[in-house]
Structures are given as structure tokens and as C-alpha cells.
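Enquirer: this one's structure only:
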């Protein structure tokens, strides 16, 4: 339901702000981060950008790893930064927009999984550090929800 509402807003040409839930994009996007997505319009997400996709399970914000064009049919392949395997191939019609900022800061496309980001992913992806960061994020998210009157996260 929320995904369909976001889809309508993005298709109308407006940006959407939402909180991230889930850990598939760590370390680029953490649970509780405030994301801003702009409509895809005529541009098609480039590899390295984070695409917002409407799936049968709701909204999905994952990094584009490949895109294909077969005549008029365009498609993309995405993967979460913390995941080992790619998602299914999504048609261009499923792409709602591109995530452009995280917590008020511009989200830059990842050019490759080598170098600095690969090292950060290995360090932050280690179980004890990842567990600690997720716990601190969960505490902050709970406090944010209680302060806004939405109740506690379970």
C-alpha cells in the first residue's frame, strides 16, 4: 500500500522521502536513514546508482549493477551492497526513481566495488562491528519513533 502511494507520487514527478528499513545496503545505507528519491522520468538509472523499485513485496532500494536494452525493452539488475547475490532482473516499468540523498547528504554512485569501499565493506560487514552498529541504529530509531508519537519498534 505504501509502495503504491510512493509510486503514484514519483510518477507524478515529485520526490519522496522515506526511512530505510533492513540491512541489505550496509554500509551505504543503514536502517533508520532518511532517504530522498527523485523520479526516474526519462533517465534510466546508471550502474552504481541506487534505484527505487516497486516489487510485489513493496519498495526496494538497491544498487544497479547492470542494465540491459533489447530493442524497446529495458531492464536492470540490482543488488544490495551487503548481499552476495543479485536480485531478479527488473523491467524498466518497475523502476520508480533514483535515491539521491541519505540523511540530507548527496548519495554518490559507487563506481566500483574495489578500493576504499571494498575495504570499508569488509570491515563494517564483520559480525561484531555490524551487530554493534545495527544495535545503536535500532536504539536511535526507537527513540525517534517514540519522540514522534509512532510508538516503539518491535
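Expert: All right, it came through fine. Nothing here was measured: the structure is a model prediction, and the numbers come from that model.
Enquirer: what helix or strand does residue 35 sit in?
Expert: strand 34-39 (DSSP states H and E).
Enquirer: what ranges do the strands span in this structure?
Expert: 16-19, 34-39, 50-55, 58-70, 73-79, 89-91, 95-102, 105-106 (DSSP state E).
Enquirer: what are the pairing partners of the strand holding residue 35, and which direction each?
Expert: For strand 34-39, sheet partners with direction are given as strand 16-19 (antiparallel), strand 95-102 (antiparallel), following DSSP bridges.
Enquirer: single out the most deeply packed of those strands.
Expert: The highest mean neighbour count among the strands paired with strand 34-39, using mean count of other C-beta atoms under 10 Å, belongs to strand 95-102: a mean of 22. For every residue, glycine as well, the C-beta is placed using N, CA and C.
Enquirer: for residue 89, give the beta-bridge partners.
Expert: Residues found in beta-bridge contact with residue 89 (criterion: DSSP bridges) are residue 77.
Enquirer: ok, now which ones touch the closest residue to residue 9 other than its chain neighbours?
Expert: Spatial nearest neighbour of residue 9, chain neighbours left out: residue 16 (5.3 Å); criterion: C-beta to C-beta, 6 or more residues apart in numbering. Taking C-beta atoms under 8 Å, 6 or more residues apart in numbering as the criterion, residue 16 is in contact with 6, 9-10, 36-37, 52, 97.
Enquirer: before I go, just wanted to say thanks for your time.
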